[in-house]
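Student: structure of the sequence below:
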Amino acid sequence: MGGKTFGPPVVMGDESIMVSTIERGLGSIAPSLHIGSSHTRLFAQDPKAHGTSDTPVQAQLRWNCDRELADGICNFNRHYAENSGYFEKISAFMQEAKAATQPMEYYDSNTGKLLFTAPKGRSMEDYLVESKAHGWPSFRDEEVNWEFVRVLPDGETVSVDGTHLGHNIPDKSGNRYCINLVSVAGNSV
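Tutor: Numbering: from 1, shown residues only. Alright, predicted model coming up:
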């Protein structure tokens, strides 16, 4: 995908958000990541204080998301994701989503900055159906807070603070941001 540009309203970013690449071992998060068995390493960024970010994920994530998995995906990863359907197994999230009468807000698991608000321009049912069909919470352009979200030329979607969020995988309806729930399970600060 390298070198792509995505039209407005996408705010493009560049590698300076993420800095330089070094290799790190996967440790105990390896079984939880959506990667093939031949992969034994993730790539992380330095010189930031905590991988691609200056801070680790918050101590208590919303919906009881796994903090260790979140830290690995958010801060020591550029390409991999939580397992497809992970968000559907998080009962606290699914209960909140199904009961929501207003759009839900999704915050950076590191910084607590507002990244996404969904659904907008569609029902919660439509949002959940699309997310289930793709395996990850799937956001559209109008649901993105462009003040804090950037898309890199390869489609990687990140926060302005270096949190790996997921990827932009456009379809016939336009840009679709497949985002790891553990990356947007932060608490507002």
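Student: quick check: longest helix of the chain.
Tutor: Of all the segments of type helix in the chain, defined by DSSP state H, the longest one is helix 124-134.
Student: which elements pack onto that one?
Tutor: helix 91-99, strand 138-139 (3 or more Cβ pairs under 8 Å, 6 or more residues apart in numbering; DSSP states H and E). For glycine as for every other residue, the C-beta is placed from the backbone atoms N, C-alpha and C.
Student: just the C-alpha atoms of that helix, please, in CSV.
Tutor: Provided in CSV are the C-alpha atoms of helix 124-134 (Å, rounded to 0.1, in the frame of the first residue of the first chain):
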residue,chain,number,x,y,z
MET,A,124,-25.9,1.7,16.2
GLU,A,125,-27.2,-1.5,14.7
ASP,A,126,-25.6,-0.6,11.3
TYR,A,127,-22.3,0.3,13.0
LEU,A,128,-22.3,-3.1,14.9
VAL,A,129,-23.3,-5.1,11.8
GLU,A,130,-20.4,-3.5,9.7
SER,A,131,-18.0,-4.0,12.6
LYS,A,132,-18.9,-7.6,13.0
ALA,A,133,-18.7,-8.2,9.2
HIS,A,134,-15.1,-7.0,9.2
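Student: just how off-centre is that helix within its chain?
Tutor: 16 Å (Cα atoms, centre = their mean, to the nearest Å).
Student: that helix: which residues count as buried?
Tutor: M124, Y127, L128, E130, S131 (16 or more other Cβ atoms under 10 Å).
Student: show me what contacts the last one?
Tutor: This means S131. Contacts for S131 (Cβ atoms under 8 Å, 6 or more residues apart in numbering) come out as F87, P137, S138.
Student: which element, helix or strand, includes the spatially most central residue of the chain?
Tutor: In the chain, the residue lying closest to the centroid (Cα atoms, centre = their mean) is L165, at 2.2 Å. Taking DSSP states H and E as the definition, one finds L165 inside strand 164-168.
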